[in-house]
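S.K.: can't give you the sequence, but here's the structure:
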């Protein structure tokens, strides 16, 4: 058999360079800076700062951490960047060593879940561990792909938790090309692609044409359309996305160059669209009001359904009675 000629090699190298330049994580560029429950609010950007008075004042610890969460009891948990990483329950003086660098942390009651790269595998894989006070770590499984910066949540009950992990991959030349949702519960591990356009993207096609796909509560996800071939955005609806890239228009119309950020607390989904807050329920959208300046991002919905947004170096919180209020950071 003849060896591949120079032209074949050149095409292979060009394709490899193209994929290397285009392939990137499509997860949000910013870490999850805030966590909140009850009257406790935590910020980790740039260091761990804690408020016990519902965000009016904060005490900065000066500790650099990977992630933080607040339990329903008001306990502050954070991931200390040690070797190896440690999950610290600050209020119970508990420390749990994690055998990998943690990518994300979520809590349900006193139960926590962490995900990160599996150090025992030569392949790129993601490990999921569950921790409970006074009990050894429980291995929930290893996923056959890397997580990057996953969106992680845990709902259900402490005795029957439901863990959801959303991982997206993008190509800078095309946009989001794959969004995978993993659910781990009593049935085991279920993996489904909300959108899988990787093969099409490798051929320079857009396929479903959905980009900026963000997860909501109850397994929902939302997306906007990809830009036109000349790179400009087009007006159109926000789409409700289900597995296999089935997209249904919602009642929310988006203008050209829309700014859309979505967050949820496991029960309700909120969206900040061009600075205005909305509630999303399947294809139904309800405008809640309030208006923030350009550049604001929705980053959190707390256990009381209040929205938190990031604007520059400030954080604000929305409630029906008070509207947007600035936190005391």
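M.R.: Right, received. Where do you want to start? Values in this document were obtained by computation on a predicted structure and should not be read as measured data.
S.K.: Which residue, other than its chain neighbours, is closest to residue 33?
M.R.: Closest residue to residue 33 apart from its sequence neighbours, by C-beta to C-beta, 6 or more residues apart in numbering: residue 45 at 3.8 Å. Glycine gets a C-beta too; all of them are placed from N, C-alpha and C.
S.K.: three-state assignment of that neighbour?
M.R.: coil (DSSP: H, G, I helix; E, B strand; the rest coil).
S.K.: State the pLDDT value of it.
M.R.: Looking at residue 45, its pLDDT stands at 90.
S.K.: cool, and the one 3 residues further on?
M.R.: Residue 48 is assigned 96 on the pLDDT scale.
S.K.: Give me the most central residue, the chain.
M.R.: Taking C-alpha atoms, centre = their mean as the criterion, residue 151 is the residue nearest the geometric centre of the chain, at 2.7 Å.
S.K.: so who does it touch?
M.R.: 27, 104, 165, 166, 167, 214, 215 (C-beta atoms under 8 Å, 6 or more residues apart in numbering).
S.K.: So what's the residue count around the residue nearest to residue 302 when sequence neighbours are not counted?
M.R.: Of all residues beyond its chain neighbours, the one nearest residue 302 is residue 36 (4.2 Å), with distances taken as C-beta to C-beta, 6+ apart. For residue 36, the neighbour count with other C-beta atoms under 10 Å is 24.
S.K.: now do residue 53
M.R.: Counted with other C-beta under 10 Å, residue 53 comes out at 11.
S.K.: Looks like residue 253 contacts residue 239 (just checking).
M.R.: No - with contact defined as C-beta atoms under 8 Å, residue 253 does not reach residue 239; the gap is 11.6 Å.
S.K.: hang on, the earlier thing: do you know how far the residue nearest to the centre of the chain is from residue 100?
M.R.: Distance of residue 151 to residue 100, given as C-beta to C-beta, to the nearest Å: 18 Å.
S.K.: and what of residue 88?
M.R.: From residue 88 over to residue 100 the distance is 16 Å, taken as C-beta to C-beta.
S.K.: Same question for residue 141.
M.R.: Remark: distance between residue 141 and residue 100 (C-beta to C-beta) = 14 Å.
S.K.: Neighbour count: those two, which is higher?
M.R.: residue 100 (17 against 14).
S.K.: Which of the helices or strands spans that one?
M.R.: Following DSSP states H and E, there is no helix or strand that holds residue 100.
S.K.: List the contacts of the nearest residue to it once chain neighbours are set aside.
M.R.: Setting aside the residues directly before and after it, residue 100 is nearest to residue 116 in space (C-beta to C-beta, 6+ apart), at 4.0 Å. By C-beta under 8 Å, 6+ apart, the residues touching residue 116 are 85, 98, 100, 101, 102, 103, 104, 126, 127, 147.
S.K.: at 7 Å what do you get?
M.R.: Listed by C-beta atoms under 7 Å, 6 or more residues apart in numbering, the contact set of residue 116 reads 100, 101, 102, 103, 127.
S.K.: Just put those in a markdown table and tack on distance to residue 198 and pLDDT.
M.R.: Shown next, in a markdown table, are the contacts of residue 116 (distance: C-beta to C-beta, whole Å; pLDDT from 0 to 100):
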| residue | distance to residue 198 | pLDDT |
| --- | --- | --- |
| 100 | 26 | 93 |
| 101 | 26 | 93 |
| 102 | 27 | 94 |
| 103 | 21 | 93 |
| 127 | 23 | 95 |
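S.K.: now those residues: which count as buried?
M.R.: Neighbour-count burial (16 or more other C-beta atoms under 10 Å) applied to the contacts of residue 116 gives 100, 102, 103, 127.
S.K.: nearest to residue 283, of those?
M.R.: residue 103 (31.6 Å; C-beta to C-beta).
S.K.: I figured the closest one hits residue 146, correct?
M.R.: No - in this structure residue 103 lies outside contact range of residue 146 using C-beta atoms under 7 Å: 9.1 Å.
S.K.: List the strands paired with whichever strand or helix holds residue 162, with their directions.
M.R.: In this structure, residue 162 sits in strand 161-171 according to DSSP H and E. Here strand 161-171 is paired, per DSSP bridges, with strand 23-25 (antiparallel), strand 151-156 (antiparallel), strand 175-185 (antiparallel).
S.K.: Contacts for the very next helix or strand once past the first one, please.
M.R.: Put plainly, it is strand 23-25. For strand 23-25, the following helix or strand on the C-terminal side (DSSP H and E) is strand 34-37. With contact meaning C-beta under 7 Å, 6+ apart, strand 34-37 is reached by 41-43, 68-72, 74, 299-300, 302-303, 308, 315.
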